[in-house]
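Trainee: Let me see the structure of the following:
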Amino acid sequence: MSILIYHKQQLYEKITYPIVPIISEQLKALLDQAGDDDVIDIGEYTLVKVVTAEYQDEYKILISFSDETQQAVDFGPFLSKLTHPVYSKYKKLALFKKFKIESGNIVWGKDWDLIFPIDQLYAGKID
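Mentor: Residues are numbered from 1 along each chain as shown. The predicted structure follows:
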């Protein structure tokens, strides 16, 4: 665990990709209310990142996180909505299976064509 105090802009930089802390509703409320120059005590939090990912079947991947949590994530419903060719090509299972872990997240493609927020992966539901 870490106890950290950040300037609001520093905190925004900390909660962007590729590694995103799981942010509590209370912290989200603090960010919404804070001015640009406010200093925010975010208290204790755990920095969570993807450490392993194992293909299961169809569009399901078992993801293990740095806090030893595992989550089976079904990417099928999300992929079924994609129409742009850059992204919809991952509907082909052969391409979908070519994911990799980089910078604490699961990504597809040389230029990270697909990448998802850690909090969604952690919750097991992709929006």
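Trainee: now the strands for the protein?
Mentor: Assigned by DSSP state E, the strands in the chain fall at 2-7, 39-45, 50-57, 60-65, 70-74, 100-102, 105-108, 114-115.
Trainee: Compare the mean pLDDT across those strands and name the weakest.
Mentor: Lowest mean pLDDT within the strands of the chain: strand 2-7, at a mean of 40.
Trainee: Test my guess that Phe99 contacts Glu54.
Mentor: No. Applying Cβ atoms under 8 Å, one finds Phe99 not in contact with Glu54, separated by 10.1 Å. For glycine as for every other residue, the C-beta is placed from the backbone atoms N, C-alpha and C.
Trainee: mind listing what the residue lying closest to Ile115 once chain neighbours are set aside touches?
Mentor: Spatial nearest neighbour of Ile115, excluding adjacent residues (Cβ to Cβ, 6 or more residues apart in numbering): Val107 at 4.8 Å. Taking Cβ atoms under 8 Å, 6 or more residues apart in numbering as the criterion, Val107 is in contact with Phe99, Lys100, Ile101, Asp113, Leu114, Ile115.
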